[in-house]
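# Fold the stuff below for me.
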Amino acid sequence: MMSSIGSELRLPCGAVLKNRLAKAAMTEGLADPLNRVSERHVRLYERWAGNGFGLMLTGNVQVDRRQLERPGNIAIDDSGGLEALRKLAAIGTRDGAHFWMQINHPGRQTAAAIHPRPLSPSAISLPVA
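Numbers count the residues shown, from 1 in each chain. Coordinates of the predicted model:
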């Protein structure tokens, strides 16, 4: 039996998505100067949420603001911004959608312009164009 894109999907982890439509994880680069969720994020995710996705994955959310995948990443640390994260989560979970955060640490792929000696498990440099 073939399932339609509008039918629910039960994942092996137990999560049940209301449909098979998903917004892939994409880097946004829209964070404020303290790497917190901005109004630009809010507007973007409101637009995406209006499309009825069963699942939306966020862009890169960093665990260390000194190690960014790119300028404008969201970073979760002691810089505040919890209310803005809650607002984004509320938007992402409207109408029963799942909203999953892509938690990231780029390690040695951190651009030299962001951090000249990024934290990583290997001291071998990685050429990044």
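# residue boundaries of the strands in this structure?
9-10, 16-17, 22-23, 55-62, 74-75, 98-104 (DSSP state E).
# Give the partner strands of the fifth one in its sheet and their orientations.
Strand 74-75 sits in its sheet next to strand 55-62 (parallel), going by DSSP bridges.
# Could you do the third one as well?
For strand 22-23, the paired strands and their directions (DSSP bridges) read strand 55-62 (parallel).
# what angle do the partner strand and strand 98-104 make?
Per axes from the mean of the first three to the mean of the last three C-alpha atoms, to 10 degrees, the angle that strand 55-62 makes with strand 98-104 is 20 degrees.
# How far away from the center of its chain is strand 55-62?
The chain centroid and the centroid of strand 55-62 are separated by 2 Å under C-alpha atoms, centre = their mean, to the nearest Å.
# contacting residues for Thr58?
25, 74, 88, 92, 99-102 (C-beta atoms under 8 Å, 6 or more residues apart in numbering). C-betas here are computed from N, CA, C, even on glycine.
# Ranking by neighbours, what's the top pick from those residues?
Tallying neighbours with other C-beta atoms under 10 Å puts Ile74 at the head of the contacts of Thr58, with 28 neighbours.
# Thought Arg36 was touching it, still the case?
Yes. Judged on C-beta atoms under 8 Å, Ile74 makes contact with Arg36 at a distance of 6.7 Å.
# shared neighbours of those two, anything?
Counting by C-beta under 8 Å, 6+ apart, the residues touching both Ile74 and Arg36 are 81, 85.
# State the number of residues packed around Gly81.
Counted with other C-beta under 10 Å, Gly81 comes out at 20.
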